[in-house]
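In: No sequence on hand, only this structure:
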Ligand SMILES: [Zn+2]
């Protein structure tokens, strides 16, 4: 089934109308068909796009509730409640937003089809059947055009990226794709350069939110880092270096080998030591005093000292995006001090109860761009390399993609 999905995906990619846009030049020009897609057609009619275009649109206005909005095109109160309840596990219609569209179709007086964009990728589609309302999530149908941008850093990644026609969102994607190889916060220098091949996406003929990078080369301090997109057999769209290694080095699931979670990530929790409700944007792992604590990913130690309520505390910077922090330690491992490089799985310290703590445990937190995020739910893509079965397909796509980095 997964193989079939993958093949469908390739066929889908092949029938897209491919053209190329030089981002330094706003004119869109058609180029030779890529040799990977000999059977593509010029103007495919995607039924999902045709369907969307056949719908009527109501734009949610100031003061509208979902009930008053749908009432304008003939959905009464009872039907509205049924729609809300049949959709509740996919989208909460009571939180529709001002300025967004509700799209619908009527058969006589009956609204038989209603849809709304959940985000930039998916929409909820509600249909009225003899059995009542059914709701499901569907991908938004976009069309894609190939695009290319390149530049040299003279001012900053954003300034020079924008000059090359790249949107801020696309620049952030580039920084995230190579975030394990290059520290974009501090190490990007004048004279660094980039080449990026990506797809712009369009909806109803208008450029929509940014598309997807599929090949990227960034030269930082004379070293070139290259990444290509490869959809694996499970449908994950991940980036790999030319040898087929993941661009992402996975975090360990937990910083302790044996432990149990005693307190999860919460925005309000009663703190037994300070006697107040405070957010706990971290995970507490109960473990005996002295249990070794592991660095969850490669990085460098930026702090290892007593730090107020955190007690003995270690901060590890992994790249320009992620940092992890470890609190209440009884002791630091030998050699752990600011500036020291640690590898994933290295012992950095030992569980204790220093600072504001009622018993031995490890308080572990992850920061992404300086903000605390939930370590248990944050999407940290797996770092596995391309598998042997996927290897030939990877080599084929990689060659095709890197050719586009002129
Ligand atoms: Zn804690």
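Out: Right, received. Where do you want to start? These numbers were taken from a predicted model, which means no experiment stands behind them.

In: Any idea what the residue in the stretch 201-350 of the chain that the ion sits nearest to is bridged to?
Out: Nearest to the ion, among the residues of the stretch 201-350 of the chain, is residue 284, at 4.0 Å (CB to the ion). C-beta: built from backbone N, CA, C; applies to glycine. When assigned by DSSP bridges, residue 284 has beta-bridge partners residue 263, residue 363.

In: Test my guess that it contacts residue 256.
Out: No: in this structure residue 284 lies outside contact range of residue 256 using CB atoms under 8 Å: 11.0 Å.

In: intersection of neighbour lists for those two?
Out: residue 362 (CB atoms under 8 Å, 6 or more residues apart in numbering).

In: Return the list of helices and strands in contact with the host helix or strand of residue 199.
Out: Following DSSP states H and E, one finds residue 199 within strand 193-203. Packing partners of strand 193-203 (3 or more CB pairs under 8 Å, 6 or more residues apart in numbering; DSSP states H and E): strand 143-152, helix 168-177, strand 212-220.

In: Run through the neighbouring helices and strands of the last one.
Out: This points to strand 212-220. helix 168-177, strand 193-203, strand 223-231, strand 237-240, helix 391-403.

In: do the same with the second one
Out: On a contact count with 3+ CB pairs under 8 Å, 6+ apart, helix 168-177 meets helix 157-163, strand 193-203, strand 212-220.

In: Kindly recompute the last result at 6 Å.
Out: Helices and strands touching helix 168-177, by 3 or more CB pairs under 6 Å, 6 or more residues apart in numbering; DSSP states H and E, are strand 212-220.

In: What strands flank the strand it packs on, and is each parallel or antiparallel?
Out: By DSSP bridges, strand 212-220 pairs with strand 193-203 (antiparallel), strand 223-231 (antiparallel).

In: got these as JSON lines, with mean neighbour count and distance to the ion columns?
Out: Listed next are the strands paired with strand 212-220 as JSON lines, based on neighbours: other CB atoms under 10 Å; distance: least, CB to the ion, whole Å:
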{"stretch": "strand 193-203", "mean neighbour count": "21", "distance to the ion": "40"}
{"stretch": "strand 223-231", "mean neighbour count": "19", "distance to the ion": "36"}
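
In: Return the list of strands paired to the helix or strand residue 103 falls within, each annotated with direction.
Out: Element membership for residue 103, per DSSP H and E: strand 101-107. The strands beside strand 101-107 in its sheet (DSSP bridges) come out as strand 56-59 (antiparallel), strand 110-117 (antiparallel).

In: what about that strand, average pLDDT?
Out: Mean per-residue pLDDT for strand 101-107: 94.

In: In CSV: the helices and strands packed on strand 193-203, plus mean pLDDT and mean neighbour count.
Out: Shown next, in CSV, are the helices and strands packed on strand 193-203 (pLDDT from 0 to 100; neighbours: other CB atoms under 10 Å):
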stretch, mean pLDDT, mean neighbour count
strand 143-152, 93, 19
helix 168-177, 87, 19
strand 212-220, 94, 20
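
In: Pipe the ones you listed into TSV and attach distance to residue 189 per row.
Out: Below are the helices and strands packed on strand 193-203 laid out as TSV (distance: least, CB to CB, whole Å):
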stretch	distance to residue 189
strand 143-152	11
helix 168-177	15
strand 212-220	7
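
In: can you redo these as JSON lines with distance to the ion?
Out: Output for those, formatted as JSON lines (distance: least, CB to the ion, whole Å):
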{"stretch": "strand 143-152", "distance to the ion": "44"}
{"stretch": "helix 168-177", "distance to the ion": "28"}
{"stretch": "strand 212-220", "distance to the ion": "36"}
